[in-house]
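Colleague: next input, structure requested:
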Amino acid sequence: MSLLENTNLSFFTKLANQNRRLFLPLIGLGIALWVFEVSPVLGQDLQLGLPEMSGPVGQPIPQDSEEKDPQASPEKKVPPQAEPVQRAPAMAPQEMSPVPSQDLQLELPEREGPVELPIPQDSREKGPQAIPGQKVPPKAEPVQKAPAMKPQKEPVDSVKQKPLPKKRPAKKVVKPSGPATWAWLPAPVRDRFAVAQKIPWRERADEVLIPRTQVRWPRYLGSLLHFPVWVDLGMSFRVRYEEASNPFRTDQFGTDEQLALRTRARLGFSGQTFRFLAEFQDARAEFVDPGERVSSGTQNKNDIVQLFGSATFRNVLGTGFRTDFHVGRLTMDFGRRRLIARNRFRNSTNAFDGVHWYLDRGSAWHMRAFLVLPVARKLDGVSDFFGADDTLFWGVFYESKQIPWLRTNVYYFGINDRPSNPTSLRQHSTFGLRVSKRPKRGAFDYEGETAWQVGTVGTTGGKKDLFAHMHHAEIGYVFNIKTTPRLVIQYDYASGTRNPSGSQNETFDRLYGGRNWELAPTGIFGPFFRSNISSPGARIYFRPLTRFIGTVMVKYRAWWLAQARDAWVGSGLQDPTGGSGNFLGQDIELKATWRQSRNLLFSAGYDHFFKGSYLKNLAKIPGNPSAADSDYFYIQSEIRF
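Modeller: Sure, this is the predicted structure:
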């Protein structure tokens, strides 16, 4: 059966009929955002699209003076390049003052003869006899045959550049900035926004904990309030509508829809040595019908995700080393974020209470270590500090960039669940290695990561020895064409338990990693984890020939259970006999992102999950999810101040 025959075509019909209450405000939001951000940019694009005109010396004519007589409009400024050409012929040659003649003489090669007298301009009419033994260069020719006149007489060059591909950099000069993008705001506000974009960036307290792209954006709010640069005041608001049909979990039925809202506010002080940061987060889900699934991954109201102090010491003891210490509640990203991540797509965020240490010597390498307690999130209210979950988590991480084609990560993570958590007692270690080469146009790139876990897992009723592993491999190529497509072939494997009733556990523990960017969208969807899976796939990224979409990604993956008798982690489904097989199905994902600026981001995506024989066999058992294919759709926008 073809993919088109399996597609649930009623998805978009239901989306239109059942959600009219949402579409009207979304349309209004879209119009507001168009006026708010896009329409001023379009106006500048139309203006920049006009062909550039050249003046007498081949320089672009400013728009103020285009096709206008300098004498007719005294308020307009005449291009300074045109002044020598217009004024020189008006001078009387015999009445030229000594000062201008000396200036002109300085521009010509030195000549022999009497230097106490200026050489008249009309000496060229007297021939060689004017100065014996010396051929006099014609003095008036530099004015009459100025190089600036040649571009004006050669329209052929302008015709060759009619598309103006090499003059496009002029857009960089008129690139939409604060005042242009926020043109509808009062002038004082626009001016403060422009100041925010020009202020030199000062490193924030969490820049060594998470990627800089998650921290660095112009602080419009702080600039509007005239805060000094060492005060880190920022806010962000994200809204995402998402809908999933024909779910695959045992606790989901029918069609789920949610409006995921997330608000973050941060206040920090960024000194040269000592820093402080407090970050508040409110994550909530609207449009949730009674009986629909709401978890701490979707809802986490009125919580504190970061509250810590830090100290930075540069050139320690004259060695050139830099070191940082962080103490308090913080968020972290490590490596490719597969095992420890600050969540981006998910509505709530992983946080940790404890200490973190950072050491580097320039950009060639760095080392990190931490000892923390993972935060147990609440659906509403501030999560308890230090020890509510009674889980101790620690690790050491090293990254080297000294060889560009062999960037290396080596890490060790340890975890120890306390007896107060009777349903999950983990006492194991994770050893990992990752090597990679960054993508580059017209070249191949690659990435490989492997992680191994040893220890014990279980409950208060009994423990089992753990031996598990996870592997990722991919190879990509960036084509050297305008849309810069990057094709990636990849494979992911995470071990499962062959005999669930045996004495050994082989299911890989995913720890606190992210998965949306590599496996499948999360939110209320999220069918796959890095536990008991085997999945080959391919994806392609490209930039369309339009400024209104930043990047488009198309993905295909096939999914199997690594062990048919082990559970499909996250779904609540398991066949201990293995009789249902291990083929979960296939999914196709389409995602588009647009980053209008560092302060305004949009994205939308669609995923169709073709359920395989495993789900179709289990669907015959009453109470299990249906065998119909699943569809997931979302649209999201985020604004930062």
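
Colleague: C-alpha only now, for contacts and for neighbours.
Modeller: Will do.

Colleague: now do the SS call for Phe232.
Modeller: Careful, residue 232 is Asp; it's not Phe. Three-state call for Asp232 (DSSP: H, G, I helix; E, B strand; the rest coil): strand.

Colleague: gap between the residue nearest to it when sequence neighbours are not counted and Pro228?
Modeller: Spatially, and ignoring its direct neighbours in sequence, Asp232 is nearest to Gly268 (4.6 Å; Cα to Cα, 6 or more residues apart in numbering). For Gly268, the distance to Pro228 equals 12 Å [Cα to Cα, to the nearest Å].

Colleague: between these two, which one's more packed in?
Modeller: Between Gly268 and Pro228, counting by other Cα atoms under 10 Å, Gly268 is the more crowded of the two (21 against 11).

Colleague: buried ones in the strand or helix carrying that one?
Modeller: Assessed by DSSP states H and E, Gly268 sits inside strand 255-270. For strand 255-270, a neighbour-count test (16 or more other Cα atoms under 10 Å) marks 255-270 as buried.

Colleague: mean confidence for it?
Modeller: Strand 255-270 shows a mean pLDDT of 94.

Colleague: all strands for the stretch 201-350 of the chain, in order.
Modeller: Secondary structure of the stretch 201-350 of the chain by DSSP state E, counting those that start in this stretch: the strands cover 231-245, 255-270, 274-286, 300-314, 322-330.

Colleague: now distance to Gly585 too, for these, in CSV please.
Modeller: As requested, these are exported to CSV (distance: least, Cα to Cα, whole Å):
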stretch, distance to Gly585
strand 231-245, 16
strand 255-270, 20
strand 274-286, 29
strand 300-314, 32
strand 322-330, 38
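
Colleague: burial check on Pro247, number of neighbours?
Modeller: For Pro247, the count of nearby residues is 25 (other Cα under 10 Å).

Colleague: I figured Arg342 hits Met332, correct?
Modeller: Yes. Under the criterion of Cα atoms under 8 Å, Arg342 makes contact with Met332 at 5.6 Å.

Colleague: so what sits against both of these two?
Modeller: Residues touching both Arg342 and Met332 (Cα atoms under 8 Å, 6 or more residues apart in numbering): 210, 351.

Colleague: re the thing from before, measure the residue nearest to Asp232 to Leu185 for me?
Modeller: Gly268 sits 27 Å away from Leu185, going by Cα to Cα.

Colleague: go on, Ser348?
Modeller: Ser348 is 33 Å from Leu185, by Cα to Cα.

Colleague: who has more neighbours, these two?
Modeller: Between Ser348 and Leu185, counting by other Cα under 10 Å, Ser348 is the more crowded of the two (28 against 13).

Colleague: report the contact partners of the more buried one.
Modeller: Ser348 neighbours (Cα under 8 Å, 6+ apart): 283, 296-300.

Colleague: over to Val239?
Modeller: With Cα under 8 Å, 6+ apart, Val239 has these contacts: 259-262, 636-638.

Colleague: just the pLDDT at it, thanks.
Modeller: At Val239, the model reports a pLDDT of 97.

Colleague: try Gly570
Modeller: At Gly570, pLDDT is 90.

Colleague: count the neighbours of it for me.
Modeller: Gly570 has 14 neighbouring residues, counting by other Cα under 10 Å.

Colleague: wait, isn't it in contact with Phe529?
Modeller: Yes. Counting by Cα under 8 Å, Phe529 is a contact partner of Gly570 at 7.2 Å.

Colleague: remind me which residues of the stretch 401-550 of the chain are low pLDDT?
Modeller: The stretch 401-550 of the chain contains residues with pLDDT under 70 at 419-423, 547-548.

Colleague: can you give me the strands for it?
Modeller: For the stretch 401-550 of the chain, strands defined by DSSP E, counting those that start in this stretch occupy the ranges 407-417, 425-437, 444-459, 462-478, 486-494, 504-505, 533-542.

Colleague: so can I have CSV of those strands showing mean neighbour count?
Modeller: Output for those, formatted as CSV (neighbours: other Cα atoms under 10 Å):
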stretch, mean neighbour count
strand 407-417, 20
strand 425-437, 20
strand 444-459, 19
strand 462-478, 19
strand 486-494, 20
strand 504-505, 21
strand 533-542, 20
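
Colleague: which among the ones you listed is found nearest to Trp560?
Modeller: strand 533-542 (5.2 Å; Cα to Cα).

Colleague: who are the packing partners of that closest one?
Modeller: Judged by 3 or more Cα pairs under 8 Å, 6 or more residues apart in numbering; DSSP states H and E, strand 533-542 is in contact with strand 486-494, strand 551-560.

Colleague: redo these as JSON lines? Include distance to Met235.
Modeller: Shown next, in JSON lines, are the helices and strands packed on strand 533-542 (distance: least, Cα to Cα, whole Å):
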{"stretch": "strand 486-494", "distance to Met235": "33"}
{"stretch": "strand 551-560", "distance to Met235": "25"}
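
Colleague: and stretch 574-592, how far apart are its ends?
Modeller: 34 Å.

Colleague: how about it, which residues are buried there?
Modeller: Buried, per 16+ other Cα under 10 Å, within stretch 574-592: 574-575, 580-592.

Colleague: out of those residues, which are inside strands?
Modeller: Among those, the members falling in strands (DSSP state E) are 583-592.

Colleague: CSV for those residues, including distance to Leu487 and pLDDT?
Modeller: Formatted as CSV, those follow (distance: Cα to Cα, whole Å; pLDDT from 0 to 100):
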residue, distance to Leu487, pLDDT
Phe583, 25, 98
Leu584, 25, 97
Gly585, 22, 97
Gln586, 19, 97
Asp587, 18, 97
Ile588, 15, 98
Glu589, 15, 98
Leu590, 14, 97
Lys591, 15, 96
Ala592, 16, 95
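
Colleague: dump those residues into a markdown table; add distance to Ser436 as well.
Modeller: Converted to a markdown table, these look like this (distance: Cα to Cα, whole Å):
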| residue | distance to Ser436 |
| --- | --- |
| Phe583 | 30 |
| Leu584 | 30 |
| Gly585 | 29 |
| Gln586 | 27 |
| Asp587 | 26 |
| Ile588 | 26 |
| Glu589 | 25 |
| Leu590 | 26 |
| Lys591 | 24 |
| Ala592 | 25 |
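
Colleague: now, which of the residues you listed sits nearest Gln427?
Modeller: Nearest to Gln427 out of these is Leu584 (Cα to Cα; 30.3 Å).

Colleague: how about the closest one: what's its closest non-neighbour residue?
Modeller: Excluding the flanking residues, the one nearest Leu584 by Cα to Cα, 6+ apart is Gly612, at 4.7 Å.

Colleague: which residues does that neighbour contact?
Modeller: The contact partners of Gly612, by Cα under 8 Å, 6+ apart, come to 583-586.

Colleague: how many neighbours does Ile210 have?
Modeller: Neighbour tally, Ile210, other Cα under 10 Å: 17.

Colleague: same check on Pro186?
Modeller: By other Cα under 10 Å, the residues close to Pro186 number 10.
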